[in-house]
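**Q** Pasting the sequence and the predicted coordinates here, then a few questions.
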Amino acid sequence: MNLFTEMRALVIASLETMQTEGTLPEGLDFANVAVEPPRDAAHGDMATNAAMVLAKPAKMKPRDIAEALAGKLAADARVTSAEVAGPGFLNLRLAPALWQGLVKSVLETGADFGRSTMGENKKVNVEYVSANPTGPLHVGHTRGAVFGDALASLLDFVGYDVTREYYINDGGAQVDVLARSVYLRYLEAHGQDVAFEDGTYPGDYLIPVGDALKEKVGDAYVGQDEDVWLAEVREFATEKMMDLIRDDLKALGVEMDVFFSEKSLYGTGRIEAALEALESKGLIYEGVLEPPKGKTPEDWEPREQTLFRSTDHGDDVDRPVKKSDGSWTYFAPDIAYHFDKVSRGFDALIDVFGADHGGYVKRMKAAVSALSDGQVPLDIKLTQLVKLWKNGEPFKMSKRAGNFVTLRDVVEQVGPDVTRFVMLTRKNDAPLDFDFDKVLEQSKDNPVFYVQYAHARVCSVLRKAQEAGIVADDATLMAADLGKLDHEAEIAVAKKVAEWPRLVEIAGRTNEPHRVAFYLYELASELHGFWNKGNDDASLRFIQEGDAATSQAKIALARSVAIVISAGLGILGVTPAQEMR
């Protein structure tokens, strides 16, 4: 039940009647007519911009349209008043029965309340994390993992067929460095003294990998030249690192549907096939690029390269795909990888990158546009940096990782639920401060606690109802006389619950799961505010001593809040709290 959709349908039907009656001209486009919460709750329950967006094409004054529309809407039993404001906005006040009926609808629908068919079961690929398999995931990866996972869950909730995917960067030089670093740990496992030179990975996390390699091959590689052991150690080390990364993701509650290996693109003709697809469209040519900005002619050596005409698809400059020595650029396998995604039949692609990949956005979008003839949109979401604090100071680096704070460090400090929620308390492209002390505080200023406490409070109401002998299962609450929910404070809570279906569709349309976290905080605030009113006004308390019928109506309201909080936390990957300790 989406009351905003229901009221918009009423507005559109009224506009169509006005056309039939000649009050409005025919042929108007109602696509931009919206019904939404007013900026100021004192103005009403909902507001519509219909008169404002139709005035110009109708060649009428917006206020004239608004006044005629107000008369139509006020005649509907669901609308208690329709008032024209300013130049032509229309504010609506709705009958209490609508808000009371909404509570029943939430109980009937349960965890699926707010689910949408907006996505029409279209196939969407969400690629996230995609870290180099050279070590444990760090805190930057943590934010990308949480954001991508929550986004995937959000899109599933609004009706998309979602595939979660991890691109394993195992085709570049960094895996050779990993292999050499593991070999040093292997020699160390054999009792040799080793030195980690610049460019190798000194983290303690490779000690067990070196031990495992010793257990597997014994001393077969000791004293051997690199060409004897490099390929096999590289594969062995990559597998061990991916096991570590999978374990890290599992600790955070993240599970991928697909792990795609970059290495699978090399020597298989897949890169060549992708570039041939672009060449067939006239988008591959041999040429010389202009000097980069900041370079003087003396610094610039013009070289002929194989280029992708990415400027035809919105990029700033054309991009090299093959170097003058015949080897592939980093961009070439990325093109092939996205060609594979397009070929798998996805209707839309989403890539979650770290902020340091901002310069890659235009070229990647250009490639997907070219490969799909503009039919498959690619949205690239950048996640900004996370600054960690503890005891008022920057959090120290991880000894285990060698030079950064790991995902495990964070999860072990505060748990996966707190980690996930906090990572979504800012928009993905805004920097985020993660203070280990504050995220564990039990206060209104800690959104994790505040939302969880709201859910736990409803659970406590249900326990108290059971102790008082009041039947409070959902089936019984649905049958309660919800007409008893007539206090403005009760209606205010129901109004906030009613925003959930609309909010979740907006979040899904914009690929912004942080909106869910923001909404949950606002809903929790309504519940806590109502609870506090009950401390002063006994008639607002959820348990009314000696009056089971009224208690059940009020508990139904509380239960509707808990259902929505649980659904929202489910999207964020957070387990709702039954009680607070």
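**A** Cool, got the structure.
**Q** Contact partners for V376?
**A** Contact analysis of V376 by Cβ atoms under 8 Å, 6 or more residues apart in numbering lists V342, F346, D347, A348, L349, V368. C-beta coordinates here come from the backbone N, C-alpha and C atoms, glycine included.
**Q** and which of the residues you listed is nearest D45?
**A** Using Cβ to Cβ, A348 comes nearest to D45 of the contacts of V376, at 34.3 Å.
**Q** and L206, what does it touch?
**A** So L206 contacts G135, S181, V182, R185 (Cβ under 8 Å, 6+ apart).
**Q** same thing but 7 Å
**A** Applying Cβ atoms under 7 Å, 6 or more residues apart in numbering, we find L206 in contact with S181, V182, R185.
**Q** Tell me, how many residues neighbour the closest residue to it other than its chain neighbours?
**A** Leaving aside its chain neighbours, L206 sits nearest to R185 (4.7 Å; criterion: Cβ to Cβ, 6 or more residues apart in numbering). Neighbour count for R185, taken as other Cβ atoms under 10 Å: 25.
**Q** thought R185 was touching I207?
**A** Yes - with contact defined as Cβ atoms under 7 Å, R185 counts as touching I207 (5.6 Å).
**Q** quick one: low-confidence parts of this structure?
**A** Applying pLDDT under 70 to the chain picks out residues 294-301, 397-403.
**Q** can you redo the contacts of L206 as a markdown table with secondary structure?
**A** Converted to a markdown table, these look like this (DSSP: H, G, I helix; E, B strand; the rest coil):
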| residue | secondary structure |
| --- | --- |
| S181 | helix |
| V182 | helix |
| R185 | helix |
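**Q** Would you format those as CSV with distance to G534 included?
**A** CSV is the format used below for the contacts of L206 (distance: Cβ to Cβ, whole Å):
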residue, distance to G534
S181, 61
V182, 62
R185, 62
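**Q** Quick check: the farthest pair among the contacts of V376?
**A** Using Cβ to Cβ, the pair of those lying farthest apart is D347 and V368, separated by 12.3 Å.
**Q** Same drill for those two, tell me which one is more crowded.
**A** V368 (23 against 17).
**Q** Could you give the bridge partners of the closest residue to the more buried one other than its chain neighbours?
**A** Distances taken as Cβ to Cβ, 6+ apart place L378 nearest to V368, at 4.1 Å, with adjacent residues excluded. Beta bridges link L378 to L349 when assigned by DSSP bridges.
**Q** Just give me the neighbour total for L378.
**A** 22.
**Q** now it: how far from S130?
**A** To S130, L378 is 15 Å away according to Cβ to Cβ, to the nearest Å.
**Q** just G570 next, same as before
**A** From G570 over to S130 the distance is 25 Å, taken as Cβ to Cβ.
**Q** Mind checking which of these two has more residues around it?
**A** S130 (24 against 15).
**Q** hang on, the earlier thing: closest one of the contacts of V376 to G546?
**A** A348 (56.6 Å).
**Q** Make sure the closest one is actually in contact with V124.
**A** Yes - the pair A348 and V124 qualifies as a contact (Cβ under 7 Å) at a distance of 4.8 Å.
**Q** burial measure for the closest residue to A577 other than its chain neighbours, as a count.
**A** Spatial nearest neighbour of A577, chain neighbours left out: Q452 (4.0 Å); criterion: Cβ to Cβ, 6+ apart. Neighbours of Q452 under the rule other Cβ under 10 Å: 26.
**Q** try E120
**A** 11.
**Q** Which residue ranges make up the domains of the chain?
**A** When the chain is parsed with automatic domain parsing, its domains come out as 3-94, 174-251, 444-572.
**Q** what about the strands in the stretch 251-400 of the chain?
**A** Listed in chain order, the strands of the stretch 251-400 of the chain (DSSP state E, counting those that start in this stretch) span 258-261, 284-287, 305-308, 319-322, 348-354, 378-383, 386-390, 393-394.
**Q** out of those strands, which comes closest to E512?
**A** Closest to E512 of these, according to Cβ to Cβ: strand 378-383, at 8.8 Å.
**Q** quick one: which helix or strand includes the residue sitting nearest the centre point of the chain?
**A** Centre of the chain computed as the mean C-alpha position; nearest residue by Cα atoms, centre = their mean is L151, 2.7 Å away. Using DSSP states H and E, L151 sits within helix 139-157.
**Q** and the angle from the very next helix or strand once past that helix to helix 139-157?
**A** Where DSSP H and E defines the elements, the next helix or strand beyond helix 139-157 is strand 161-168. Angle, strand 161-168 to helix 139-157, by axes from the mean of the first three to the mean of the last three Cα atoms, to 10 degrees: 160 degrees.
**Q** Which elements pack onto strand 161-168?
**A** Contact analysis of strand 161-168 by 3 or more Cβ pairs under 7 Å, 6 or more residues apart in numbering; DSSP states H and E lists strand 123-127, helix 139-157, strand 258-261 as its packing neighbours.
**Q** what does the longest one rub up against?
**A** By Cβ under 7 Å, 6+ apart, the list of residues contacting helix 139-157 from outside reads 115, 119, 124, 126, 128-129, 131, 162, 164, 249, 252, 254, 350, 352, 354, 381, 383, 385-386, 388, 405, 407, 410, 419-420, 423-424, 428, 432, 504, 507-508, 511, 513, 516, 571-573.
**Q** Now do it against strand 123-127, angle only.
**A** Put simply, helix 139-157 runs at 170 degrees to strand 123-127, going by the same axes, to 10 degrees.
**Q** starting at the chain centroid, how far to helix 139-157?
**A** The chain centroid and the centroid of helix 139-157 are separated by 5 Å under Cα atoms, centre = their mean, to the nearest Å.
**Q** Kindly report the same for stretch 266-280.
**A** Between the centre of stretch 266-280 and the centre of its chain there are 32 Å (Cα atoms, centre = their mean).
**Q** Next, the buried residues of it.
**A** For stretch 266-280, burial by neighbour count (16 or more other Cβ atoms under 10 Å) applies to Y266, R270, I271, A274, L275, A277, L278.
**Q** In a markdown table, list these along with distance to S460.
**A** Below are the buried residues of stretch 266-280 laid out as a markdown table (distance: Cβ to Cβ, whole Å):
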| residue | distance to S460 |
| --- | --- |
| Y266 | 58 |
| R270 | 57 |
| I271 | 59 |
| A274 | 58 |
| L275 | 62 |
| A277 | 60 |
| L278 | 61 |
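**Q** List the ones among these that fall in helices.
**A** R270, I271, A274, L275, A277, L278 (DSSP state H).
**Q** Surely the last one and A370 touch.
**A** Yes - between L278 and A370 a contact is recorded at 5.8 Å, counting by Cβ under 7 Å.
**Q** Which residue of this structure lies farthest from its centroid?
**A** Going by Cα atoms, centre = their mean, the residue of the chain most distant from its centre is G223, 49.5 Å out.
**Q** right, and the secondary structure at that residue would be what?
**A** Reduced to three states by three-state DSSP, G223 is coil.
**Q** just the helices and strands packed on strand 161-168: most buried one?
**A** helix 139-157 (a mean of 25; mean count of other Cβ atoms under 10 Å).
**Q** angle of that one against strand 386-390?
**A** Using the same axes, to 10 degrees: helix 139-157 against strand 386-390 is 120 degrees.
**Q** what's downstream of the strand or helix carrying L187, the next helix or strand?
**A** For L187, the host element (DSSP H and E) is helix 174-189. Proceeding N to C from helix 174-189, the next assigned helix or strand is helix 207-217, under DSSP H and E.
**Q** Any buried residues in that next one, and which?
**A** Quick answer for helix 207-217 (16+ other Cβ under 10 Å): V209, G210, A212, L213, K214.
**Q** Then stretch 230-250?
**A** Buried residues in stretch 230-250, counted by 16+ other Cβ under 10 Å: 230, 233-234, 236-238, 240-242, 244-245, 248-249.
**Q** export these to TSV and tack on secondary structure and distance to I563?
**A** Converted to TSV, those look like this (DSSP: H, G, I helix; E, B strand; the rest coil; distance: Cβ to Cβ, whole Å):
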residue	secondary structure	distance to I563
L230	helix	56
V233	helix	53
R234	helix	50
F236	helix	49
A237	helix	47
T238	helix	44
K240	helix	43
M241	helix	41
M242	helix	38
L244	helix	38
I245	helix	35
D248	helix	32
L249	helix	29
